[in-house]
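**Q** missing the sequence, but the structure's below:
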């Protein structure tokens, strides 16, 4: 089967791939989805016109599936835990060769190298948020009560710290309280970072999630959704700060409704205030 109108989607976990798939179809494009067994939800298979499963590490198989369909552009969205990348049992020769050539195993390094491998076979990666730009957070108060002076000081403090760790490719989220860092996101992900912060510092902390200074949107874009709001509520977070213009709010209407119900403030900023 060869059809240049097909667009490729490599799907990890979460709602993000489903929403991207639906948007691609709304625009009249045909869709071929490669589902990552270690992440993707079965829902993505149900809505796809053409679908295949692969395991993390089956680099050559992924490329071959796209080439068989004459697909020249692909987008990669959704979560795949880094632990699966490092311990992939079904890593093929091309993936093993790639991993062995890396100077480090940071996310940017791994995914940048993957992009180069795909490009060797004339397949280009599109930004992961290219079909959902209308979901990007506008600057300002999204929902909830305005923050007081002390809380805004925590926002500025946390935003600076978050940008610093994001620039080092450690993580993109910090949780702060009283101008103290309770937790820094690393390989465990945002939700676990928030849970750790609550265990250490109690309620009314502030979560700050940012983009990297040189974010490669082909492979990663900050995202919040309904599960995020549940995590904030369960860990008694006062507010979540996201970076305007760089963070996707999935299922935005439902997110706002749930955050309002839980009494959680969501604020989008683009820089710290003087």
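**A** In hand now; what should we look at? Please read these numbers as outputs of a predicted model, since none were measured by experiment. Residues are numbered from 1 along each chain as shown.
**Q** Return the helix or strand in this structure with minimum mean pLDDT.
**A** Taking mean pLDDT, DSSP states H and E as the measure, the chain has helix 82-86 as its least confident helix or strand, at a mean of 57.
**Q** for the next helix or strand after it, the distance to its chain's centre please.
**A** Once helix 82-86 ends, the next helix or strand along the chain (criterion: DSSP states H and E) is helix 93-101. Relative to its chain's centre, helix 93-101 lies at 24 Å (CA atoms, centre = their mean, to the nearest Å).
**Q** Name the next helix or strand downstream of helix 93-101, please.
**A** Counting by DSSP H and E, the next helix or strand C-terminal to helix 93-101 is helix 107-120.
**Q** give me every residue that touches the nearest residue to residue 252 once chain neighbours are set aside.
**A** Using CB to CB, 6 or more residues apart in numbering and skipping the chain neighbours, the partner closest in space to residue 252 is residue 135 (6.3 Å). Yep, even glycine has a C-beta here, placed from its N, CA and C like the rest. If a contact means CB atoms under 8 Å, 6 or more residues apart in numbering, then residue 135 has 19, 129, 248, 249, 250, 252 as its contacts.
**Q** bridging residues for the fourth one?
**A** Each beta-bridge partner of residue 249 is listed here: residue 224, as defined by DSSP bridges.
**Q** For residue 129, see how far away it is.
**A** Separation of residue 249 from residue 129 (CB to CB, to the nearest Å) stands at 11 Å.
**Q** so what's in contact with these two at the same time?
**A** Each of 135, 136 lies in contact with both residue 249 and residue 129 under the rule CB under 8 Å, 6+ apart.
**Q** Determine how far the last residue of stretch 218-233 lies from the first.
**A** Taking CA to CA, to the nearest Å, stretch 218-233 runs 31 Å from one end to the other.
**Q** Equivalent analysis for stretch 40-48, please.
**A** OK, stretch 40-48 end separation, CA to CA: 13 Å.
**Q** In that stretch, which residues are buried?
**A** Under the neighbour-count criterion of 16 or more other CB atoms under 10 Å, stretch 40-48 has 40, 41, 44, 48 buried.
**Q** Widest-spaced pair of those?
**A** Using CB to CB, those span at most 11.8 Å, a distance reached by 41 and 48.
**Q** Do I have it right that residue 215 meets residue 243?
**A** No: using CB atoms under 8 Å, residue 215 is not in contact with residue 243; the gap is 9.3 Å.
**Q** the helices in the protein, which residues?
**A** Along the chain, the stretches classed as helices by DSSP state H are 16-26, 42-46, 59-68, 82-86, 93-101, 107-120, 149-167, 190-201, 226-234, 252-262.
**Q** which helices and strands does the last one pack with?
**A** This points to helix 252-262. With contacts taken as 3 or more CB pairs under 8 Å, 6 or more residues apart in numbering; DSSP states H and E, helix 252-262 sits against strand 140-143, helix 226-234, strand 265-269.
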